[in-house]
Structures are given as structure tokens and as C-alpha cells.
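Chemist: this one's sequence-less:
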Ligand code: NAD
């Protein structure tokens, strides 16, 4: 099936690894011209090499407003007007609710919420002018089922569901859709980082923590990043033109309830 994405300019934030990387790679396979970003230049260059020759990479901290402005301006200059923005991020600090510091809450706020508000604000004019656009926010299943290990993520990402609706309503008349994808447990560096925390809490190895996590999933396994990316790419497609304001769980049935 042709997803109607050939030649579109797509920015994928926080994309040297994990779900962001898988998304950028799949959008490139659909013919998009890709702009990726992350903080580490070496990892970024390696990622760009895997995604495709024409991929542009930029050293950016998504929590930094000046970096975001520079990334959007530079992408426009290098690739042309922006059609698609995937607002991925690295995931806010984890930890028990009463141990999280004010600094960590502030860090989470800048890197998990303000990054989304800023990226939409900075890039929407191109999509309004062309009467076509796609925003996809990658958040988390904890938006619908809070996790004791992830209070910052849980709190802010429930808010992003509301933000997604507000942005979708505002931009609908321009042919721009705004959706969120809420991944379930996915095998990435973030997952091994969280497994390390659980391992030290429970006095088990990282391997055992990962095994228990996978075993507790309804499908008996965690997601592959490509399975999350496939949902993001569909929401970017021409065929998804009437899907907007949605917060889509991609969690292999892990979240119980009708959220
Ligand atoms: P990951 O750690 O595998 O990859 C994160 C990517 O973001 C890397 O490329 C990293 O370099 C980049 N990055 C991190 N902080 C950055 C910053 N401040 N500025 C720019 N780039 C930055 O993570 P992942 O598992 O792919 O997670 C992606 C998102 O999905 C996160 O927001 C995470 O909370 C969410 N999520 C992940 C899972 C999971 O199980 N992996 C589950 C639910 C939600």
C-alpha cells in the first residue's frame, strides 16, 4: 500500500536510538526526507548512516528551547517546508514519588511537555501554509495507567492527552492531524535502564528483571520498536487523514480498562 508519504519532510525528535530511530527509519523507507536529532553526535551520525543517505542529523537537546528553534530553522533551510513532526523524547527521570526532587520535576516538564508545545508552535506555520500536516507525540501507556516507578511520566503524559485534543481541534481546519502514540513495554535502552532500577529494588539481575517484565505481558513478550513505529507511520499516512485527537495505546493489550 502506498502511504502517500513520498517526498514529505519529516522531523523525528530524539531519534538516534529506540522508538525514535525505528520511526525515522520506517518513514525514510516510505520516501520521507528525514531530519533526526539527539544530544550525542557520534550516535546520531551512526543512526543517520542506517536510516539513509539523505538523512540530516542535528545535535539538539529537546529540553532546550533554543536548540528546538535552531533545529526547526535548520531543517527548513536544508530540506524545505516541514510536513511531519514526531515529538519523541528520552523519557523523564524515574523514581519513587516522595524522592523526586523539584529539579527532576522541572527537567521532566521541559523535556516531556514543553518540548511538544514548542515543536508544534515552531513548525505548524509550514503545515498551515500547505494545508497538510501530521504531528505525532510519542508518550507512554502510563498516560492511561499511572506507574509508581514513573510519577513524572505518568503525570505529564496524562496532560499530553488533553494537549493532543486541544492541538487537534485547533489545527483540524488546515488538514493537520495531531495524535499521540502510547507505547507499552518496548525493548530499548530505556527499558534496560528501568529494568536496572527494578533489579536493584528487588535484588535481582537486570536479565531477570527484563525476563519478568516480558513474562508479565499478555503476549508473553515486550514490543519491538518497529511495532511502535508502524503505528506512528500509519498516523502520518495519507490514509489516516480523518484520525485526529487520538491517544493510541500500542501495548499488546497490557493496559486494562476503557481509557
Ligand atoms: P531510548 O532510551 O531507547 O531512546 C531515546 C532516544 O532519545 C535516544 O536516541 C536518545 O539519545 C534520545 N534522547 C534522550 N534524551 C534526549 C534529549 N534531551 N534531547 C534529545 N534527544 C534525547 O528510549 P525509547 O525506549 O525509545 O523511548 C522513547 C520514548 O518512549 C520515551 O519518551 C519513553 O518514555 C517512551 N516509552 C518507552 C517505553 C519503553 O518500554 N521503551 C514504554 C513507554 C513509553
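Modeler: That came through fine. The model shown is predicted, which means the values in this text are computed figures rather than measured ones.
Chemist: so for the helix or strand where residue 200 lies, mean pLDDT?
Modeler: Per DSSP states H and E: residue 200 is located in helix 189-202. In this model, helix 189-202 has an average pLDDT of 94.
Chemist: quick one, whichever helix or strand comes after it and helix 189-202 angle?
Modeler: Next helix or strand after helix 189-202 toward the C-terminus (DSSP H and E): helix 206-215. Computed by axes from the mean of the first three to the mean of the last three Cα atoms, to 10 degrees, the angle separating helix 206-215 from helix 189-202 equals 110 degrees.
Chemist: in terms of contact, does residue 175 touch residue 131 like I think?
Modeler: Yes - with contact defined as Cβ atoms under 8 Å, residue 175 and residue 131 form a contacting pair (4.6 Å). From N, CA and C alone the C-beta is placed, and that goes for glycine too.
Chemist: which of the two has more neighbours?
Modeler: With neighbours defined as other Cβ atoms under 10 Å, residue 175 and residue 131 compare such that residue 175 has more, 15 against 10.
Chemist: quick one: contacts for residue 247?
Modeler: If a contact means Cβ atoms under 8 Å, 6 or more residues apart in numbering, then residue 247 has 139, 143-144, 160-161, 164, 179-180, 182 as its contacts.
Chemist: and the two most separated of those residues?
Modeler: Greatest spatial distance among the contacts of residue 247 (Cβ to Cβ): 144 and 179, at 14.6 Å.
Chemist: if you count surrounding residues, which of those two has more?
Modeler: Higher neighbour count among residue 144 and residue 179: residue 179, with 24 against 20, using other Cβ under 10 Å.
Chemist: on that earlier part again, want to throw the contacts of residue 247 into a markdown table with pLDDT, distance to the ligand and secondary structure?
Modeler: Shown next, in a markdown table, are these (pLDDT from 0 to 100; distance: Cβ to the nearest ligand atom, whole Å; DSSP: H, G, I helix; E, B strand; the rest coil):
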| residue | pLDDT | distance to the ligand | secondary structure |
| --- | --- | --- | --- |
| 139 | 98 | 7 | coil |
| 143 | 98 | 9 | helix |
| 144 | 97 | 11 | coil |
| 160 | 98 | 10 | helix |
| 161 | 98 | 14 | helix |
| 164 | 99 | 15 | helix |
| 179 | 99 | 15 | strand |
| 180 | 98 | 11 | strand |
| 182 | 98 | 7 | strand |
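Chemist: any chance you could list what contacts stretch 155-175?
Modeler: Residues outside stretch 155-175 that contact it (Cβ under 8 Å, 6+ apart): 92, 108-109, 112-113, 116-117, 120, 124, 127-128, 131-133, 135, 137, 139-140, 142-144, 146, 177-180, 182, 241, 244-247.
Chemist: can you give me the domain assignment for this protein?
Modeler: When the chain is parsed with automatic domain parsing, its domains come out as 9-185+224-249, 187-222.
Chemist: tell me which of those domains sits most buried.
Modeler: With neighbours defined as mean count of other Cβ atoms under 10 Å, these peak in mean count at domain 9-185+224-249, which reaches a mean of 20.
Chemist: interface residues of the stretch 51-200 of the chain facing the ligand?
Modeler: 60-63, 88-91, 111, 138, 140-141, 153, 183, 185-186, 188-191 (Cβ under 6 Å from any ligand atom).
Chemist: mind listing which of the residues you listed are in strands?
Modeler: Secondary structure defined by DSSP state E assigns 138, 183 of those to strands.
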